[in-house]
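1. here is a sequence with its predicted model. Questions after.
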Amino acid sequence: MASFASCNKTDLFLLLALLSASASAAASAASFYRDVDITWGDGRAKVLDNGRLLTLSLDQSSGSGFQSKNRYVYGRFDVQLKLVPGNSAGTVTTFYLSPEGAMHDEIDLEFLGNLSGDPYVLHTNVFSQGKGNREQQFFLWFDPAKNFHTYSVLWNPKHIVFYVDGTPIREFKNRESMGVPYPTNQAMRIYSSLWDADDWATRGGLVKTDWSKAPFTAAFRSFLLLLRQQLLDVAGVGCYQLEEDEVGAAQLHDLRLLH
Ligand SMILES: *[C@@H]1O[C@H](CO)[C@@H](O)[C@H](O)[C@H]1NC(C)=O
């Protein structure tokens, strides 16, 4: 792992130059084949369209899921997601960050399905050093099963922010100075899954999964973080310390890449 001592203004300008020069090239090269491992579901998760699309499916015997090959400390993680359409009651689609270490940190987005015409719930949570119980739920203001929408987590030393299509919906501030645990130094992997949780997901478990509608399918398009990782590969240096206002829209912070 590179040390922060090597970060300086020259590095920053180099990275910004690379960012603007190769952003579009990197985006088109993002590939689920290269960047994630399908971890469960026995063929129910599929990479399609030359690596640009990944679908997860769920039937009565199993759901499915994948995880990123790399682990990250800090960054912005965007996913484009089209959720299970129609009667999705009982199903849960997840996108979360979690380390493998002993201390349980987790940054969570969970989409709780619903009967046709009833709204999905976006359930968010932050665990740090084993402490969770910080759920906040939101109704989405559009039908998330009709088109792809972008859901993001920004995680940096200052705060964790959840976004829907670029609109911040929740901020979890770092209040370590006041004794509140905050995820800081465990590298996290990205995980995603589609599974059955009809014992609690929809109206607190009252509405069950209708298996006559199975298989249920959710679709993923590429992550922004893959683009950023490629830029770091291009730069060939695992460390840039970026000031928030200097980076602007790219929103990269204290980025460290760990393989
Ligand atoms: C499903 O729809 C009902 C009725 O509008 C609503 O109360 C509930 O919060 C919705 N979402 C879930 C996950 O239960």
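-> Ah, there it is.
2. contact residues of this protein facing the ligand?
-> Within the chain, the positions adjacent to the ligand are 112, 114, 118-119, 121, 201-203 by CB under 6 Å from any ligand atom. To be clear about C-beta, it is placed using only N, CA and C from the backbone, and glycine gets the same treatment.
3. show me which of those are buried.
-> Among these, the ones that count as buried by 16 or more other CB atoms under 10 Å are 112, 114, 121, 201-202.
4. tabulate these in JSON lines, adding columns for secondary structure and pLDDT.
-> Output for those, formatted as JSON lines (DSSP: H, G, I helix; E, B strand; the rest coil; pLDDT from 0 to 100):
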{"residue": "Leu112", "secondary structure": "strand", "pLDDT": "97"}
{"residue": "Asn114", "secondary structure": "coil", "pLDDT": "97"}
{"residue": "Val121", "secondary structure": "strand", "pLDDT": "96"}
{"residue": "Ala201", "secondary structure": "coil", "pLDDT": "96"}
{"residue": "Thr202", "secondary structure": "coil", "pLDDT": "96"}
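5. surely Gln60 and Trp211 touch.
-> Yes - between Gln60 and Trp211 there is a contact under CB atoms under 8 Å: 4.9 Å.
6. more neighbours: which of those two?
-> Neighbour totals were compared for Gln60 and Trp211, and Trp211 leads with 14 against 9 (other CB atoms under 10 Å).
7. what residues are up against that one?
-> 59-60 (CB atoms under 8 Å, 6 or more residues apart in numbering).
8. any idea how far the ligand is from it?
-> As judged by CB to the nearest ligand atom, to the nearest Å, Trp211 and the ligand stand 18 Å apart.
9. again, but for Ile38
-> Ile38 is 27 Å from the ligand, by CB to the nearest ligand atom.
10. and Lys46, backbone torsions?
-> The phi/psi pair for Lys46 (degrees, to the nearest 10) reads phi -130, psi 140.
11. for it, which residues are in contact?
-> Residues near Lys46 by CB under 8 Å, 6+ apart: 54-55, 57.
12. go with 7 Å
-> Applying CB atoms under 7 Å, 6 or more residues apart in numbering, we find Lys46 in contact with Thr55.
13. how about His149?
-> Residues near His149 by CB under 7 Å, 6+ apart: 81, 142, 164-165.
14. where does the prediction get shaky in the stretch 51-200 of the chain?
-> Applying pLDDT under 70 to the stretch 51-200 of the chain picks out no residues at all.
15. which stretches of it form strands?
-> Taking DSSP state E, counting those that start in this stretch to define them, one finds strands in the stretch 51-200 of the chain at 53-58, 64-68, 71-73, 75-82, 91-98, 106-112, 121-127, 136-139, 149-155, 159-164, 167-173, 189-196.
16. now those strands as TSV including distance to Asp37?
-> Shown next, in TSV, are these (distance: least, CB to CB, whole Å):
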stretch	distance to Asp37
strand 53-58	11
strand 64-68	6
strand 71-73	12
strand 75-82	16
strand 91-98	15
strand 106-112	19
strand 121-127	23
strand 136-139	30
strand 149-155	20
strand 159-164	25
strand 167-173	28
strand 189-196	10
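17. quick one: which of those strands is nearest Gly41?
-> strand 64-68 (2.4 Å; CB to CB).
18. just checking, what packs against that closest one?
-> Secondary-structure packing of strand 64-68 (3 or more CB pairs under 7 Å, 6 or more residues apart in numbering; DSSP states H and E): strand 36-40, strand 53-58, strand 189-196.
19. take these and lay them out in JSON lines including mean neighbour count and distance to Glu135.
-> Formatted as JSON lines, the helices and strands packed on strand 64-68 follow (neighbours: other CB atoms under 10 Å; distance: least, CB to CB, whole Å):
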{"stretch": "strand 36-40", "mean neighbour count": "17", "distance to Glu135": "25"}
{"stretch": "strand 53-58", "mean neighbour count": "22", "distance to Glu135": "22"}
{"stretch": "strand 189-196", "mean neighbour count": "22", "distance to Glu135": "18"}
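20. of all those, which lies closest to Lys146?
-> strand 53-58 (16.1 Å).
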